[in-house]
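**Q** Need the 3D shape of this:
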Amino acid sequence: MNKHNMQLLQELSIKNGPLCVGLDTDPSYIPQNVLNKYENPALAVLDYNKAIIERVVNDKSACCFKVQIAYYEAMGIEGLKVYAETLKMIRKTGLIAISDIKRGDIGATSEAYAKAHFSGDFETDIITVNPYMGFDTLVPFSSWSTPEKGGKGAFVLLCTSNPGMIDIEHQKLADGSILLEKVGNEIERIGEEYKQFYENQSCGVLGAVVGATQESDARYLRDKYKNTFFLIPGYGAQGGAARIAATLLDKAGGTVNSSRGILCSWKKDGELALKIENGTLTMDDIAASAAKASLFSKDDLLGAKKSL
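**A** You can find the predicted model right below:
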C-alpha cells in the first residue's frame, strides 16, 4: 500500500510520540569551551546534531527532526555542508526529516526549489512552504507528492506562532472569512486531489503550520481542518502551552516542535551547574541534557493529550 511522507510521519507520531526535535543549531547554543576544541563552529554543530540524533533515536523520544536552514546558511559553505550531512543522518535513522526552508515563489523558481530540496545534496522528506504569493506557487512542491517522486510532503504556513501573524493571516476578506481559512481550504483541497494516488491515506499530502501560542484558534482550526496533519511550533521557548499543543494533536494529529528548549537545556540543567561555572562542560554533557529534555517534552505532551 502506497503511503506518502506525511502519513508516515503521522504513524511515527503515534508510535514514538508527537515531539519534533528542532535542530536550529546556532553555534552560540554550544558552550565556548566546547567550541574551542573544533577547527570551526560548523564542525561543532555537526557533532552536536549527531549526538542528539543518536540519543533521541535510541530513546524513541521523537518522531522527526526539523532542520532550519537559516542557521546553516549563516555559517556559509561549511554550514551548508553540515546541513546536508545532518539531513542524511536523520534519514538513515528511519525518522522523518523536515527541512524548514519556507520557500514560495513563481512557478519556475519554485520548481527549482523543489528539485533542490527533494533530490540531490539537500534531499529531505518534508519541507515548509509559504503560500502568500498565491496557490500556484504550491503546485511545484505538491507535484513531488506522487508515489513516482517519492511521496514528498510540505507543511504550508497557516497560523504561525509569531505575534505579527495577525497582520496578514487574520485579515478579513470580502466574504467575511479570514485569509488563513482560504489557505486551509486549499491545503485540504489538495489533500483530496491526491487521494487518487493514496486511496487509504489518513491525512493529506500537505500539512499545515499551526502555532501552539494562540489558544483561541486551536480548537477552531483543529475541528475545521480535521484531515490535515499539523506542524506545531511555539511550544517551549516561545511560550506555547502543552495544553494548546494537545488540542492541535486531535483528529489527524500533528508533531510539536521544540528547538531552543532542547538545544539549550544544558543552561538550566542543575546537574551541570558546577561544570558550567568551571567551564568544563563536554559535548556528551550537553547532548545528554538535550536527550533528557526531549524525553521530558514527550512525556509533557502525552500527559497533556491524555488530560483533554
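
**Q** Show me where this structure has its helices.
**A** 5-16, 32-35, 41-59, 69-73, 76-93, 107-118, 139-142, 179-193, 215-224, 242-248, 260-263, 273-278, 283-306 (DSSP state H).

**Q** I'd like the ones you listed written out as CSV, with mean neighbour count and distance to residue 131 added.
**A** In short, each C-beta sits where N, CA and C put it, glycine included. Listed next are those as CSV, based on neighbours: other CB atoms under 10 Å; distance: least, CB to CB, whole Å:
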stretch, mean neighbour count, distance to residue 131
helix 5-16, 20, 16
helix 32-35, 15, 38
helix 41-59, 20, 29
helix 69-73, 19, 18
helix 76-93, 18, 24
helix 107-118, 17, 11
helix 139-142, 22, 10
helix 179-193, 18, 5
helix 215-224, 16, 15
helix 242-248, 24, 19
helix 260-263, 22, 26
helix 273-278, 12, 43
helix 283-306, 19, 27
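
**Q** can I get these in CSV with mean pLDDT and distance to residue 201?
**A** Formatted as CSV, those follow (pLDDT from 0 to 100; distance: least, CB to CB, whole Å):
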stretch, mean pLDDT, distance to residue 201
helix 5-16, 98, 6
helix 32-35, 98, 44
helix 41-59, 98, 26
helix 69-73, 98, 28
helix 76-93, 98, 22
helix 107-118, 97, 19
helix 139-142, 98, 14
helix 179-193, 97, 8
helix 215-224, 90, 19
helix 242-248, 93, 20
helix 260-263, 96, 30
helix 273-278, 97, 48
helix 283-306, 96, 23
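
**Q** Which among those is found nearest to residue 25?
**A** helix 41-59 (4.7 Å; CB to CB).

**Q** if we can go back for a sec, nearest approach to residue 203 belongs to which of the helices of the chain?
**A** Nearest of those (CB to CB): helix 5-16, 5.2 Å.

**Q** before we move on, the earlier item: tabulate the helices of the chain (CSV), appending distance to residue 151.
**A** Shown next, in CSV, are those (distance: least, CB to CB, whole Å):
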stretch, distance to residue 151
helix 5-16, 5
helix 32-35, 39
helix 41-59, 22
helix 69-73, 22
helix 76-93, 14
helix 107-118, 10
helix 139-142, 11
helix 179-193, 13
helix 215-224, 24
helix 242-248, 24
helix 260-263, 28
helix 273-278, 44
helix 283-306, 26
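
**Q** what about those, which gets the closest to residue 101?
**A** Going by CB to CB, the one of those nearest residue 101 is helix 69-73, 5.0 Å.

**Q** The closest one - contacts with which helices or strands?
**A** helix 41-59, helix 76-93, strand 96-103 (3 or more CB pairs under 8 Å, 6 or more residues apart in numbering; DSSP states H and E).

**Q** now with 7 Å?
**A** Using 3 or more CB pairs under 7 Å, 6 or more residues apart in numbering; DSSP states H and E, the elements in contact with helix 69-73 are helix 76-93, strand 96-103.

**Q** So which of the helices of the chain is nearest residue 133?
**A** helix 107-118 (8.8 Å).

**Q** Which residues does stretch 12-27 contact?
**A** With CB atoms under 7 Å, 6 or more residues apart in numbering as the test, stretch 12-27 has contacts from 35, 41, 44-45, 48-49, 52, 56, 60-68, 71, 86, 95-96, 98, 249, 253-259, 262-263, 294, 297-298, 301-302.
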